[in-house]
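Q: Next input, structure requested:
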Amino acid sequence: MKKLIVIISIIITFFFIYFLQANFFSWFTISGIMPNLFVIFILFIGLFIGNKSGFIFGLIFGIYIDLLTGKAIGISGIMLGLIGLIAEYIDKSFSKESRITIMSIVAISTVIYEIGMYAFQIIRWNAIVEIIPFIKILAIEVLFNVILTIILYPLIQKLGTKVEKIFKGNSILTRYF
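A: Got it, this is the predicted structure:
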């Protein structure tokens, strides 16, 4: 029952984040660039829930984002699913207690997501590769995501610990022995 409540809460949170992304952050940009809250959210799911949930939620939410934005259906799903898989791997390898670790994970995941999306756009639309503008946009988006992660870290840590107890139980230490 608790797992079902958490899953429903994740879906409601996704729609809230979509609202923030589409409305609120369109007013608060840095050089016209918005953060990508979906990367942070899927990282949260992959880090704290695990069990391929990050991949599944990333895939489903990404496809839904593609449908809403009118982009090629599936590429956001593939990239967010990849971010979820990376988060699950990182969960087994690194500590979630360190802010520096979480900020680094967010920065690296944002870079992976944006490079994948940019590469797909270049291939699909046969576009010209413009490295300098892309690096500028990427740097600002990474900075924006890291700043939001610093601000939201206490909430992420508190909710993540509760969700992890529900999905993983007390078997957290067993992976080390």
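
Q: Against Gly81, how distant is the most centrally placed residue in the chain?
A: In the chain, the C-alpha nearest the mean C-alpha coordinate belongs to Val39, at 1.9 Å (Cα atoms, centre = their mean). Applying Cβ to Cβ, to the nearest Å, the value for Val39 to Gly81 is 12 Å. No exception for glycine: its C-beta is placed from N, CA and C like everyone else's.

Q: again with Tyr64
A: Tyr64 is 12 Å from Gly81, by Cβ to Cβ.

Q: and the two? which has more neighbours close in?
A: Gly81 (24 against 16; other Cβ atoms under 10 Å).

Q: Go ahead and confirm that one touches Ser53.
A: No - using Cβ atoms under 8 Å, Gly81 is not in contact with Ser53; the gap is 10.9 Å.

Q: residue ranges for the helices of this structure, please.
A: For the chain, the helices defined by DSSP state H cover 2-19, 37-48, 53-69, 75-93, 99-125, 131-168.

Q: tell me the contacts of Ile30?
A: Ile140, Leu143, Phe144 (Cβ atoms under 8 Å, 6 or more residues apart in numbering).

Q: Show me which of these is closest to Ile10.
A: Nearest to Ile10 among those is Phe144, at 22.8 Å by Cβ to Cβ.

Q: quick one: Ile137 and Ile33 touch, right?
A: Yes - taking contacts as Cβ under 8 Å, Ile137 lies within contact range of Ile33: 5.7 Å.

Q: joint contacts of those two?
A: Counting by Cβ under 8 Å, 6+ apart, no residue touches both Ile137 and Ile33.

Q: Give the residue spans of the protein that score low on pLDDT.
A: Scanning the chain for pLDDT under 70 picks out the ranges 170-177.

Q: and the gap between the residue nearest to the centre of the chain and Asp91?
A: The value you get for Val39 to Asp91, if Cβ to Cβ is used, is 16 Å.

Q: same deal with Lys158?
A: Taken as Cβ to Cβ, the span from Lys158 to Asp91 is 17 Å.

Q: more crowded one of the two?
A: Legend: neighbour count by other Cβ under 10 Å for Lys158 and Asp91, higher for Asp91 (21 against 10).
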